[in-house]
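In: fold the stuff below for me.
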Amino acid sequence: MRGIQMLAAGLALAWTGPASADTVTDWWEVANRFWLVGQASPGPRTPDSERASTRATLAMFEAVNAIDRRYDSYLGLPLADPGASPDAAAATAGFKVLLQHYPANKTVLEESYAMTMAAIPAGPARDAGVALGERAATAAAAANGIDASIAQPPYRPRTEPGIWIGAALPALDPHWVAFKPWVMASPTALRPPPPPALGSADYARDYEEVRRLGARASKERTTQQTLIARFRQGFDLSPTVRFIADRPGRRQVDNARLLALYQMAMDDSVQAMAEAKLHYDYWRPVTAIRNGDKDGNQATPHDPAWLPLLPTPNFPEYPCGHCTVASVQAEVLKLIGGLPAGTPIRVAAGGSPNMALQSVKDWDELVRQVSDSRMLGGVHYRFSNDAGEEIGRQAARLAVAGALRPLPGKGKRP
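Out: Now for the predicted structure:
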């Protein structure tokens, strides 16, 4: 699968084992596990499947929020029977959306659903929850798909007639810029300003940083910096998300809102980042550094044999995608996660599930480490990291301010 979020397998949240918070959080993890499996599986996959996790999470939010109304409904779902089982509603909503997006996985989804439902006492409350979950799933599965009015031009490699260029098309599909955003106004709404001019001092400064520290054979990069480059490229925040969801006093509807906003903001930020990458079509360090004698800047010495520490992703450089996703996830969790100040952030290595969890001191440090990892890995410039971080922050703030807002009077039922 060549979807944009393959720019880091660990950016979608990996499965973390049997620990349990609530039905919403459990099925959110199921959704992201299926997303990861779907990315690695051969065979056709529709662009619409890219929103499966977000739609499943939004459906669960709508279902439990209809029972325990505390926040604005995004899909306009009316109030439901207050006696309906929220667990049955959430499980059914998530299951039905995932089944529509992953029909080839029907058996394992049905088995997972059966196991969940077996733990809920049979009766009118469960039946009402199932019916509500089905309504929420129908609404969410149809939400914010491809906007047919947005053009999806195929990528065209740019070169001069007669000059060779790599033939592999980029792992960045044009449909990513054509989804209807969840909260931001348009795919271009968060487009960053252009990268620094090739002849500028800013460009030369960041070029030199990645040339020195991001090289495969760098003598200046420390052992710890090499570890950061390797293990923050597939960061996984699900241990901290689980910790937040498990904290005393959190209602299931609160977790559902947090996870829905987390997914919606991430979709919007990734779409904005993808649009900017295709718009600017900026060169990667491996190309720039090997051709530093051709950029018109005397402060960018070229190295014709330069290689990055990490493999260079197969799509344009600016802005940084990992930085965008780390920033949007961190900002949503910072704004509404409710962690007390000073709580360490637990982060796993998504690409290395057997690695021990690490803790960083706060959200800003987590984002900094992810951004550093891309420069230290030799695949991004510092200015691209900064641009990605800003997209993520803006998308998170827009989502929290513009969707699923708390109702007056602390969201009590009228």
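In: just the pLDDT for the residue nearest to residue 284 when sequence neighbours are not counted.
Out: In space, and not counting its chain neighbours, residue 284 is closest to residue 317: 4.7 Å by CB to CB, 6 or more residues apart in numbering. Heads up, the C-betas are built off the backbone N, CA and C, glycines and all. pLDDT recorded at residue 317 is 97.
In: where's residue 317, which helix or strand?
Out: Following DSSP states H and E, there is no helix or strand that holds residue 317.
In: and it, how many neighbours does it have?
Out: Per other CB atoms under 10 Å, the neighbour tally for residue 317 reads 24.
In: gap between it and residue 112?
Out: Per CB to CB, to the nearest Å, residue 317 is found 40 Å from residue 112.
In: swap in residue 130?
Out: 15 Å.
In: what about the stretch 1-150 of the chain, any weak spots by pLDDT?
Out: 1-21, 37-45 (pLDDT under 70).
In: mind listing what residue 327 touches?
Out: Counting by CB atoms under 8 Å, 6 or more residues apart in numbering, residue 327 makes contact with 269, 367, 388-393, 396.
In: tell me the secondary structure for it?
Out: helix (DSSP: H, G, I helix; E, B strand; the rest coil).
In: what of the one 5 residues further on?
Out: For residue 332, the reduced secondary structure class is helix; criterion used: three-state DSSP.
In: next, count neighbours for it.
Out: A count of nearby residues for residue 332, using other CB under 10 Å, gives 27.
In: residue ranges for the helices of this structure, please.
Out: 23-40, 52-67, 86-101, 106-118, 124-141, 201-213, 223-231, 238-245, 252-280, 285-290, 321-336, 363-376, 382-402 (DSSP state H).
In: list the helices and strands the longest one packs on?
Out: In this structure, helix 252-280 packs against helix 23-40, helix 52-67, helix 86-101, helix 238-245, helix 321-336, helix 382-402, with contacts taken as 3 or more CB pairs under 8 Å, 6 or more residues apart in numbering; DSSP states H and E.
In: just those helices: most buried one?
Out: helix 52-67 (a mean of 30; mean count of other CB atoms under 10 Å).
In: next, the angle helix 23-40 makes with that one.
Out: If you take axes from the mean of the first three to the mean of the last three CA atoms, to 10 degrees, helix 52-67 sits at 160 degrees to helix 23-40.
In: about what we covered before: quick one, which of the helices and strands packed on helix 252-280 gets closest to residue 231.
Out: Of all those, helix 321-336 sits nearest to residue 231, with 12.3 Å by CB to CB.
In: can you give me the distance of residue 121 to residue 256?
Out: Residue 121 sits at a distance of 21 Å from residue 256 (criterion: CB to CB).
In: any idea how many residues pack against residue 185?
Out: As a burial measure, residue 185 scores 11 neighbours (other CB under 10 Å).
In: please apply the same query to residue 217.
Out: Using other CB under 10 Å, the number of residues around residue 217 comes to 9.
In: which ones are touching the residue nearest to it when sequence neighbours are not counted?
Out: Leaving aside its sequence neighbours, residue 217 sits nearest to residue 307 (CB to CB, 6+ apart; 7.4 Å). Counting by CB under 8 Å, 6+ apart, residue 307 touches 215-217, 286, 378.
In: what would the helices and strands packed on helix 252-280 look like in CSV with distance to residue 371?
Out: Formatted as CSV, these follow (distance: least, CB to CB, whole Å):
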stretch, distance to residue 371
helix 23-40, 23
helix 52-67, 24
helix 86-101, 32
helix 238-245, 18
helix 321-336, 5
helix 382-402, 4
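In: how near is the most centrally placed residue in the chain to residue 290?
Out: With distances taken as CA atoms, centre = their mean, the residue of the chain nearest its centroid is residue 266 (4.4 Å). Here residue 266 is placed at a distance of 34 Å from residue 290 (CB to CB).
In: in the protein, which strand is the longest?
Out: Longest strand of the chain, by residue count under DSSP state E: strand 345-349.
In: now for that one, which elements pack on it?
Out: strand 235-236, helix 238-245, strand 358-360, helix 363-376.
In: hmm, 10 Å instead?
Out: Contacts defined by 3 or more CB pairs under 10 Å, 6 or more residues apart in numbering; DSSP states H and E place strand 345-349 against helix 223-231, strand 235-236, helix 238-245, helix 321-336, strand 358-360, helix 363-376.
In: output the contacting helices and strands for the shortest one.
Out: It stands for strand 235-236. The helices and strands touching strand 235-236, judged by 3+ CB pairs under 10 Å, 6+ apart, are helix 321-336, strand 345-349, helix 363-376.
In: the first one vs helix 252-280, what angle?
Out: I take that to be helix 321-336. Using the same axes, to 10 degrees: helix 321-336 against helix 252-280 is 150 degrees.
In: circling back to that earlier point, so which of the helices and strands packed on helix 252-280 gets nearest residue 201?
Out: Ranking the helices and strands packed on helix 252-280 by distance to residue 201, with CB to CB as the measure, places helix 382-402 first at 11.7 Å.
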